[in-house]
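Engineer: Based on what follows, work out the 3D shape:
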Amino acid sequence: MRIAIYVRVSTQRQAQTQTIEQQIERLKAHIAVKGWLLEAERIYRDDGHSGAKLNRPGLDSLRDHAALAEFDLVLVTAPDRLARNYVHQVLLIEELGERGIPVEFLDRPMSEDPHDQLLLQIRGAVAEYERTLIADRMRRGRLAKFRTGKLLPWTRPPYGYKVDPEHPRDAALVHLDEAEAAQVVQMFAWYLEPQTTLYTVAKRLCDLSLPSPTGKPRWNVSTVRGILKNPAYTGNAYTNRSRPVSARHRKSALRPIGSGQSIAPRPVEEWIAIPVPAIVSQENFDRVQAKLALNQQTAPRNNKVNQYLMHGLISCAKCRLSATARTLPTGYQYYVCRGRTDSLLIAQDRCKARYIPATKLDNLVWQDLCSVITNPDILNYALERAHGGHWLPQELQSQLEALNKASKQIERQQERLLDAYIANIIQLPEFERKRKELIQKQEALHKQETQLQAQSTQIITLAQVADSIEAFCTKIRPTLDQASFEQKRQLVELLIDRVIVLDGDVEIRYVIPTQSDGPHIPFCQLRADYRRNVWRPQKTWL
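Structural biologist: As a prediction, the model looks like this:
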């Protein structure tokens with residue numbers, strides 16, 4: 001029999017103390033007793049990966065090779081090594097079982113017996129509870145150390161500071177990197193000079209060939225802004241300053257969404273200060289913050305003097321960055337890719353896209369938008385695609401599929417539990433208790449599935465949406481010819497998600513409003529692969 005083994009530890013400290021090697025030795029000894037065959041490439045390991053997530057390289061490799069039927073059985077020391085979450089355990093065991101590859105645990109071999117299945121559920125629930133308990137204790141312990149000033153909030157020290165390699169989180173051992181600290185002082189001084197911007201500071205650092213905090217030759221504006229806004233340079237490193245939230249903005253509408261997570265600031269009274277050596281004075285730091293706030297208010301994006309119908313909606317198909325609007329002294333208006341004008345991006349790789357005549361593009365897109373509103377066939381086709389689920393993001397589809405598999409597994413467990421009760425294997429009180437637990441898990445899964453489905457328009461009937469869109473179009477059709485610029489802009493923001501330009505070709509991506517109030521989630525935030533399944537054909541404007 002061909003055997004594959006899977007081993008995992010949660011932290012790098014456990015990996016360094018050879019606990020993962022102990023798991024391997026135990027599994028090899030068991031395989032030797034059984035007389036099974038274990039090849040070296042069939043040892044799948046995850047060093048320092050949490051069991052709360054399925055995104056683990058060793059586990060992914062195991063699942064890929066299982067799909068190719070390269071082994072007959074998977075051996076693991078315990079269920080919590082496979083996954084900490086019971087639902088994840090069920091999904092993995094079910095997935096491998098469908099391929100004819102059973103999973104066996106060394107500490108407690110499992111079978112289809114109801115008692116074994118119940119024990120597996122209990123162990124999974126206990127492992128999940130244990131992980132939550134450990135995480136909560138670690139969080140409270142860290143906060144206690146933060147409040148006493150014994151622990152640094154940094155996973156990596158900011159630019160200008162150094163820590164003891166043996167004790168990187170010890171606040172008492174923080175010291176300055178004199179060269180970097182001097183450069184931080186210079187950055188604050190540069191920015192306080194008249195007419196100096198974040199781009200100017202970043203450009204000067206690049207011209208001096210100074211490596212960035214990550215060791216790269218090019219400085220980004222975001223890096224400079226992060227240094228200038230970091231209060232640690234005044235002598236206090238703060239923690240508990242932010243909390244995770246769902247991301248609402250992206251660097252570029254045409255680039256992958258990423259994790260979809262962002263951060264939001266906490267109230268200042270919740271911040272925890274840890275004393276560190278100061279680099280700049282509080283006075284200079286406050287002056288820099290005041291200038292940053294003023295520059296943000298007077299930024300070109302807040303300039304309302306010139307009118308651009310597609311402002312903020314244009315993307316370059318070559319470099320996949322957004323395009324800014326500008327008016328030349330002669331009066332001509334253009335949309336220009338940031339890859340051509342951003343001095344830092346130019347130093348890396350300048351975009352070769354042509355300038356886009358704003359008037360021609362605005363007229364072309366407006367005419368196409370009017371034809372969409374007045375043509376019901378286009379709307380009906382797009383509506384059918386949306387109702388069929390073609391627009392749904394891949395992440396949402398995979399989550400719904402995983403929840404559906406878990407729900408079916410619980411249904412099978414309920415059937416086996418009923419069979420065990422009928423066969424007098426378990427008594428009525430135990431049957432009721434276990435049945436109640438399964439019902440609670442099933443209700444939790446149904447609740448999650450409902451929440452995910454609420455994110456899609458599949459919960460809205462096709463007839464209701466069609467009536468709403470038809471009423472909306474009927475209402476605005478007579479006013480299209482007489483619409484003012486403000487009215488056109490409101491309509492463009494409501495119906496157009498993105499306009500992608502490649503030299504003489506224009507691709508328009510529309511959004512269909514399904515509610516009377518109008519606001520919508522941008523289509524680019526709903527898809528991880530934004531460049532597929534575009535229902536609107538390209539338009540040639542030059």
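Engineer: pretty sure residue 46 contacts residue 59?
Structural biologist: Yes - using CB atoms under 8 Å, residue 46 makes contact with residue 59 at a distance of 6.3 Å. C-beta coordinates here come from the backbone N, C-alpha and C atoms, glycine included.
Engineer: Overlap in contacts, the two.
Structural biologist: residue 8 (CB atoms under 8 Å, 6 or more residues apart in numbering).
Engineer: could you say what helices and strands the longest strand seen in the chain packs with?
Structural biologist: When the chain is parsed with DSSP state E, its longest strand is strand 37-47. Strand 37-47 makes packing contacts with strand 2-9, helix 19-34, helix 57-67 when contacts are defined by 3 or more CB pairs under 8 Å, 6 or more residues apart in numbering; DSSP states H and E.
Engineer: buried sites along it?
Structural biologist: For strand 37-47, a neighbour-count test (16 or more other CB atoms under 10 Å) marks 38, 42-47 as buried.
Engineer: ditto for stretch 421-429
Structural biologist: 421, 426.
Engineer: Stretch 433-444 too?
Structural biologist: Here stretch 433-444 shows 434, 437-438, 441-442 as buried, counting by 16+ other CB under 10 Å.
Engineer: ditto for stretch 197-208
Structural biologist: 198, 200-206.
Engineer: got CSV for those residues, with distance to residue 506, secondary structure and pLDDT too?
Structural biologist: Formatted as CSV, the buried residues of stretch 197-208 follow (distance: CB to CB, whole Å; DSSP: H, G, I helix; E, B strand; the rest coil; pLDDT from 0 to 100):
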residue, distance to residue 506, secondary structure, pLDDT
198, 32, helix, 89
200, 34, helix, 88
201, 36, helix, 91
202, 33, helix, 90
203, 33, helix, 88
204, 38, helix, 88
205, 38, helix, 89
206, 34, helix, 87
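Engineer: Reformat the helices and strands packed on strand 37-47 as CSV; add mean pLDDT.
Structural biologist: Output for the helices and strands packed on strand 37-47, formatted as CSV (pLDDT from 0 to 100):
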stretch, mean pLDDT
strand 2-9, 90
helix 19-34, 88
helix 57-67, 88
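Engineer: Identify, out of these, the most deeply packed stretch.
Structural biologist: strand 2-9 (a mean of 22; mean count of other CB atoms under 10 Å).
Engineer: Run through who's touching that one.
Structural biologist: For strand 2-9, the surrounding residues in contact (CB under 8 Å, 6+ apart) are 15, 19-20, 23-24, 27-28, 31, 36-39, 42-49, 51, 56, 58-59, 62, 65-66, 70-77, 81-82.
Engineer: ok and it relative to helix 57-67, angle-wise?
Structural biologist: Here strand 2-9 runs at an angle of 160 degrees relative to helix 57-67 (axes from the mean of the first three to the mean of the last three CA atoms, to 10 degrees).
Engineer: Can you list the strands that strand 2-9 pairs with?
Structural biologist: Partner strands and pairing direction for strand 2-9 (DSSP bridges) are strand 37-47 (parallel), strand 73-76 (parallel).
Engineer: Which phi and psi values does residue 106 adopt?
Structural biologist: Dihedral angles of residue 106 (phi, psi; degrees, to the nearest 10) stand at phi -70, psi -40.
Engineer: ok, now how distant is it from residue 186?
Structural biologist: 60 Å (CB to CB, to the nearest Å).
Engineer: if you count what's nearby, which of these two comes out ahead?
Structural biologist: Taking neighbours as other CB atoms under 10 Å, residue 106 and residue 186 compare with residue 106 leading, 17 against 14.
Engineer: Please report the distance of the residue nearest to that one when sequence neighbours are not counted from residue 29.
Structural biologist: Leaving aside its sequence neighbours, residue 106 sits nearest to residue 77 (CB to CB, 6 or more residues apart in numbering; 4.8 Å). Distance of residue 77 to residue 29, given as CB to CB: 11 Å.
Engineer: hang on, the earlier thing: what mean pLDDT does the longest strand of the chain get?
Structural biologist: Strand 37-47 carries an average pLDDT of 88.
Engineer: Tabulate the CA atom coordinates of it in CSV.
Structural biologist: Extracted as CSV, the C-alpha positions of strand 37-47 are listed here (Å, rounded to 0.1, in the frame of the first residue of the first chain):
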residue,chain,number,x,y,z
LEU,A,37,5.6,1.7,1.6
LEU,A,38,6.5,5.3,2.2
GLU,A,39,8.4,7.3,-0.5
ALA,A,40,10.4,10.4,0.5
GLU,A,41,8.4,12.6,-1.8
ARG,A,42,5.2,11.5,-0.1
ILE,A,43,6.0,13.4,3.2
TYR,A,44,3.9,16.5,3.1
ARG,A,45,4.8,19.1,5.8
ASP,A,46,3.8,22.6,6.8
ASP,A,47,6.3,24.2,9.1
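Engineer: Figure out how far it is from the centre of its chain.
Structural biologist: Put simply, strand 37-47 sits 31 Å off its chain's centre (CA atoms, centre = their mean, to the nearest Å).
Engineer: Could you do stretch 210-226 as well?
Structural biologist: On CA atoms, centre = their mean, the centre of stretch 210-226 falls 23 Å from that of its chain.
Engineer: which element is residue 366 on?
Structural biologist: helix 358-374 (DSSP states H and E).
Engineer: now the end-to-end length of stretch 49-60.
Structural biologist: Length of stretch 49-60, first residue to last, CA to CA, to the nearest Å: 12 Å.
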